[in-house]
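Chemist: everything below, folded, please.
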Amino acid sequence: MRHETYMKAKLKEDKKVVDMVNNPPHYNQTGIECIHAISAATGDGFKHYLQGNVMKYLWRFDYKDKPLQDLRKAQWYLNCLVEEVMANDKS
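Modeler: Below you'll find the model as predicted:
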């Protein structure tokens with residue numbers, strides 16, 4: 001491996017890529033994901049929490065510095081809502 005290729009690979013490896021949509025570090029401070037704690041605390045109301053977050057991120061995406069990030073967050077919460085509804089579907 002050429003030195004330049006090695007250094008580029010090493011630099012890429014050294015950089016921590018922070019995924020602010022799927023795994024923001026500030027949501028896991030004690031080994032418990034915030035979303036799991038909220039689910040446990042809200043019980044049957046969890047789907048309304050998810051719905052509210054979808055609405056929140058869609059509402060404000062165009063007024064912030066990172067509109068795509070907010071759209072991805074809305075999508076993330078919508079995916080969670082779909083999973084929640086599917087898990088509780090009794091049909």
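
Chemist: how much space separates Glu83 from Asp62?
Modeler: Distance from Glu83 to Asp62, counting by Cβ to Cβ, to the nearest Å: 27 Å. Using the backbone N, CA and C atoms, a C-beta is placed for each residue, glycine as well.

Chemist: for Leu50, which non-adjacent residue is closest in space?
Modeler: Spatial nearest neighbour of Leu50, chain neighbours left out: Leu81 (4.1 Å); criterion: Cβ to Cβ, 6 or more residues apart in numbering.

Chemist: and what of Lys47?
Modeler: Glu84 (5.0 Å).

Chemist: identify the residues contacting that neighbour.
Modeler: Phe46, Lys47, Leu50 (Cβ atoms under 8 Å, 6 or more residues apart in numbering).

Chemist: list of residues touching the helix or strand containing the first one?
Modeler: Spelled out, that is Phe46. For Phe46, the element it lies in under DSSP states H and E is helix 46-60. For helix 46-60, the external contacting residues (Cβ under 8 Å, 6+ apart) are 38-39, 42, 70-71, 73-74, 77-78, 80-81, 84-85, 88.

Chemist: please report phi then psi for Asp65.
Modeler: When read as degrees, to the nearest 10, the backbone of Asp65 gives phi -70, psi -20.
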